[in-house]
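Below are the sequence and a predicted model; questions follow.
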Amino acid sequence: MSKIQLYTWATPNGRKVSVMLEELGLAYDVHSVNIGKDEQFEPAFLAIAPNNRIPAIVDPDGPDGEPLSLFESGAILVYLAEKTGSALLPARGAARARTFQWLMWQMGGVGPMFGQAHHFLFQPKEDVPYAKKRYHDETRRLYGVMNQQLGKVPYLAGDYSIADIATFPWVARHERHQVDLGEFPNVAAWSERIAARPAVGKGMAVPFSN
């Protein structure tokens, strides 16, 4: 089987896919796309990911034996799980629905809101107190939702799944969005369980450790 080509950078979204590839034991090559140098706008990358965002993959052994280029981290996680028949995405029933529910929660809530908190807390050219408060408050609300869920089950959808893989790299940056995990003990315990997985450690170090 040919290696999957991973185009990524050291961001939570990028590390979702490298963790997933490690969990599945799939062979892959890493292509760093330095978003600090605007490499995501280069024509060669745009041919793969027209939305100029990492991560993206090229699978030489795609459906029906045809190569497949794919962008959007959530879509990539689903594709890789289905490609391999992995239990990280249950095949049917309520467990599959719950996994999609929490994956969409991450894609529609955690990623955008935590990302905006990062931006306004650390990167603005001007101080915007309203935006800081808005996104920090929403980030904390999402932690509360997660903490409540993880008080009932060990992982977001019950069993370890692509929903956890999608969410963990964002929680790993809790200090950046100014959240004390001590206030959310169920999230802290979940984070420790996931961080202890060897595949997660390897995937979080792609394309480099920071």
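Received it, and whenever you're ready, just let me know what you need. Residues are numbered from 1 along each chain as shown.

only C-alpha atoms for contact and neighbour calcs from this point on.
OK.

which residues in this protein form strands?
Secondary structure of the chain by DSSP state E: the strands cover 4-8, 28-32, 56-59, 68-71.

quick one, what contacts A199?
19, 22-23 (Cα atoms under 8 Å, 6 or more residues apart in numbering).

With respect to F45, which of those is nearest?
V19 (21.4 Å; Cα to Cα).

ok, that closest one touching R197?
No: contact criterion Cα atoms under 8 Å: V19 and R197 do not qualify, at 10.0 Å.

With neighbour numbers in mind, choose between those two.
It is V19, of V19 and R197, that has more neighbours when counted by other Cα atoms under 10 Å, with 27 against 12.

Go through stretch 147-158 and flag the buried ones.
Within stretch 147-158, the residues scored as buried using 16 or more other Cα atoms under 10 Å are 147, 149-151, 154-157.

For G144, give me its contacts.
With contact set as Cα under 8 Å, 6+ apart, G144 has these partners: F184.

Output stretch 119-132 as CSV, restricted to C-alpha atoms.
Extracted in CSV, the C-alpha atoms of stretch 119-132 (Å, rounded to 0.1, in the frame of the first residue of the first chain):
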residue,chain,number,x,y,z
HIS,A,119,-6.6,35.1,18.4
PHE,A,120,-8.1,37.8,20.5
LEU,A,121,-6.2,36.9,23.7
PHE,A,122,-2.8,36.7,22.1
GLN,A,123,-2.6,38.0,18.5
PRO,A,124,-4.6,41.1,17.9
LYS,A,125,-3.0,44.3,16.7
GLU,A,126,-5.4,46.2,18.9
ASP,A,127,-7.1,45.3,22.2
VAL,A,128,-10.7,44.3,21.8
PRO,A,129,-12.1,43.6,25.3
TYR,A,130,-15.6,42.6,24.1
ALA,A,131,-14.2,40.0,21.7
LYS,A,132,-11.8,38.7,24.4
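
Report the distance from it to the chain centre.
With Cα atoms, centre = their mean, to the nearest Å as the basis, stretch 119-132 stands 23 Å off its chain's centre.

okay if I get the contacts of A199 as CSV plus distance to V128?
Below are the contacts of A199 laid out as CSV (distance: Cα to Cα, whole Å):
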residue, distance to V128
V19, 34
E22, 39
E23, 40
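
mind checking the longest helix of the protein?
Assignment by DSSP state H gives helix 129-150 as the longest helix of the chain.

on that earlier part again, closest one to Y130 out of the buried residues of stretch 147-158, please.
N147 (25.6 Å).

Once you drop chain neighbours, what's closest to A188?
Nearest non-adjacent residue to A188, counting by Cα to Cα, 6 or more residues apart in numbering: L181, 5.5 Å away.

just A81 next, same as before
What sits nearest to A81 in space, not counting adjacent residues and going by Cα to Cα, 6+ apart, is L89, at 5.9 Å.

Now do the same contact list for that neighbour.
With contact taken as Cα under 8 Å, 6+ apart, L89 is in contact with 78, 81-82, 96, 99, 161-162.
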